[in-house]
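A.B. asks: Sequence first, then the predicted structure:
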Amino acid sequence: MDIVEDKLGRTFDAIDAGDAAAVRKLFTMVYEELKASAQELMQQERTGHTLGATALVHEAYLKLVDTGCGWQSRTHFINSAALAMRRILVDHARKKGCAKRGAGWKRALIEDADNAITSVDFDWIGLDEALERFAKVDARAHQVVMLRFFAGRSEREIGNMLDISERQVGRDWKTAQLWLRREMDCA
């Protein structure tokens, strides 16, 4: 176990024990990483979006520490953060779309993940529903999607985090693309 992972593990344990100082310490340790992921997500959002990258990070972080999930590793925490950001964006889309009920929205293809969220019409709700179903079908490939699409990780980083080969990450990503594309096309 490396020093950073060990330090994170001790911090997670302290948070689980109710140490408020550990919550602040964890925030300092992961802030830049979370902010980079949030900026990547928010950079592609429509101009004038009412949620900014900093707000997304803070909201996600607050959700994470409120739940006290007992994280076992950096990977577990990053997955949790990616899920929290996804849920915040979906909730935001639901609030914005409830008056319109999706009028004018178009479905995006998951294989266009790098460019998909550039559209004002990106269907966060449809993607969230498809991802919920996909998590039950292939949990590891779901983690790959979460880390690549929401956390902005490379195949190499994902492979290291999940302790699988880059080739396997690529296969899982392709599986996810095909499955999610079919699900979103049928919805």
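C.D. replies: Noted; the coordinates are in hand. Numbers count the residues shown, from 1 in each chain.

A.B. asks: Please, where are all the strands along this structure?
C.D. replies: Applying DSSP state E to the chain gives no strands.

A.B. asks: Next, name the residue at the spatial heart of it.
C.D. replies: In the chain, the residue lying closest to the centroid (CA atoms, centre = their mean) is residue 82, at 2.2 Å.

A.B. asks: how about the closest residue to that one other than its chain neighbours, what does it touch?
C.D. replies: The shortest distance from residue 82 to any non-neighbouring residue, by CB to CB, 6 or more residues apart in numbering, is to residue 150 (3.8 Å). Where C-beta positions appear, they are placed from N, C-alpha and C, glycine not excepted. By CB atoms under 8 Å, 6 or more residues apart in numbering, the residues touching residue 150 are 37, 41, 82-83, 85-86.

A.B. asks: Just among the residues you listed, which is most surrounded?
C.D. replies: Using other CB atoms under 10 Å as the neighbour test, the contacts of residue 150 are led by residue 85, with 26 neighbours.

A.B. asks: Next, find the distance separating that residue from residue 7.
C.D. replies: 23 Å (CB to CB, to the nearest Å).
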